[in-house]
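> below are the sequence and a predicted model; questions follow.
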Amino acid sequence: MADLFAHDDPPPTAPAQPDPRRLGSMPLAERLRPASLDQIIGQEHLTGPEGAIGRMVAAGRLSSMILWGPPGTGKTSIARLLAASVGMRFTSISAVFSGVADLKKAFAEAEGALSLHGRPTLLFVDEIHRFNRAQQDGFLPFVEKGTVTLVGATTENPSFALNAALLSRAQVLILHRLSADALGQLLTRAEDAEGLPLPLTKDAREALIASADGDGRFLLGQIETLYTAQIPAVLGPAELGAFLQRRVAVYDKDRDGHYNLISALHKSLRGSDPQAALYYLARMLTAGEEPLYVLRRLVRFASEDIGLADPQALIQCLAAKDAYDFLGSPEGELAIVQACLYCATAPKSNAAYMAMKESFSSARETGSLMPPANILNAPTKLMKDIGYGKNYAYDHDTQDGFSGADYWPEGMRPQNFYRPVERGFEREVLRRLEWWDKKRQERRDG
């Protein structure tokens, strides 16, 4: 469900029903405010009986949590309904508008409510990642004492945006972008609330859902705009896009167009078919796909499917991104086409991608093995005394500029993660690796 709530006033234990006399003047999103967790759309993996939130509510006890997900997926709605579900006091602040004074006030009020009335507080912090690290640390003692149960909402990866200390005291729950089915349910609820269907053809209805890109709040805003306009004629996809002043993606009828087309583009590039790749690129851009999204996928493709077979591919894609940023649309879209053609016609190799997967897996399995002492720096006398840097072979001092030393941790056999192919520039890389392997063997035999 969309984030429909942004109020700081604590709700009653059971959400109050709106006065029917005011319904006509209330925004659509307000009228569709969920009254219980089972009315949240699209997050059943969390709110259902087997989900983390469902289990906590059933037990009557909440732990602190971070709700991580895209905009318009129900983070604020869930937080408010959580408080009501277990009889907690609810208060909220936004990290965009709040500072240290607001935090101190919230904590003081929570302590007062707990000591005077025995009522615990659920403190909802929207955009929690916007608090700096010192402010985030300020939550720790109040969470540890149980003064507040913290529910933070963020659209940013918590691993990078939040302190490790705060993350260790909160459970990270991931909200999904709303699927087409979930957005369709939301649209049906809106039509039921209005008492009449939207004036859209089947294709336009599906295009409206696709244009929301998983954001329920955005979809409700578009729906309300259509109802407010009281359009007399039924709109098709083209008329809908013109009316909303937004290019509406007209995907084919299975309605997974966004993902189907990017998959088709990626596989056409991998299959070295520039004509098909151009077709799917055009399908996406003319349907209203964000050009920067397409560029991100091209950049990823350049590393995953081309790699060192043609190192220029990554440079071409990044240059296309810079060109689009500089020129904008429609002039900048030619740079995207150029990058697409370069990737489609470049020699292909996934050797770098496979090397990353295997090396990361090996690193996780081997843990904290120390590198051999001879290749460690020794900035202190103690480190020199225990052998750091001793007998290090400086490659530039050797005849071939190659010492053939063993750089692997003691007790770990050398691994072969990167296996270049006989295509493009990787053919030359393969020759180098073979030469170095031969020299290493000669050093061992000698």
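Ah, there it is. Numbers count the residues shown, from 1 in each chain.

> which ones are touching the residue nearest to residue 436 when sequence neighbours are not counted?
Residue nearest to residue 436 in three dimensions, not counting chain neighbours: residue 402, with 6.3 Å by Cβ to Cβ, 6 or more residues apart in numbering. (C-beta placed from N, C-alpha, C; glycine too.) With contacts defined as Cβ atoms under 8 Å, 6 or more residues apart in numbering, residue 402 is in contact with 395, 436, 439.

> would you turn those into TSV with neighbour count, distance to residue 329 and secondary structure?
Putting the contacts of residue 402 into TSV (neighbours: other Cβ atoms under 10 Å; distance: Cβ to Cβ, whole Å; DSSP: H, G, I helix; E, B strand; the rest coil) gives the following:
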residue	neighbour count	distance to residue 329	secondary structure
395	12	50	helix
436	13	47	helix
439	15	53	helix
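
> what's the closest of those residues to residue 138?
residue 395 (50.8 Å; Cβ to Cβ).

> quick one, grab the pLDDT at the residue lying closest to residue 272 once chain neighbours are set aside.
When the adjacent residues along the chain are set aside, residue 272 lies closest to residue 344, with 6.0 Å between them (Cβ to Cβ, 6+ apart). As predicted, residue 344 sits at a pLDDT of 95.

> give the buried residues for the helix or strand containing residue 364.
When elements are defined using DSSP states H and E, residue 364 is found to belong to helix 351-366. By neighbour count, and taking 16 or more other Cβ atoms under 10 Å as the criterion, the buried residues in helix 351-366 are 351, 352, 355, 356.

> just list the residues touching the third one, thanks.
With contacts defined as Cβ under 8 Å, 6+ apart, residue 355 is in contact with 417, 418, 419.

> okay, residue 74: pLDDT?
Turning to residue 74, the model gives it a pLDDT of 90.

> please tell me how far the nearest residue to residue 127 once chain neighbours are set aside sits from residue 132.
Taking Cβ to Cβ, 6+ apart as the measure, residue 127 lies nearest to residue 95, with 4.5 Å between them; neighbours along the chain are not counted. Using Cβ to Cβ, to the nearest Å, residue 95 is found at 9 Å from residue 132.

> more neighbours: which of these two?
Applying other Cβ atoms under 10 Å to residue 95 and residue 132 shows that residue 95 carries more neighbours, namely 21 against 11.

> which pLDDT does the model give that one?
At residue 95, the pLDDT value in this model is 88.

> and it, what does it touch?
Residues touching residue 95, when contacts are defined by Cβ under 8 Å, 6+ apart, comprise 125, 126, 127, 128, 129, 130, 131, 135.

> now, these that are in helices?
Using DSSP state H, the subset of those located in helices is residue 135.

> now, the contacts of residue 95 that are in strands?
125, 126 (DSSP state E).

> now for the contacts of residue 95: which two are most distant?
Every pair in the contacts of residue 95 was compared (Cβ to Cβ); the two farthest apart turn out to be 126 and 135, at 14.0 Å.
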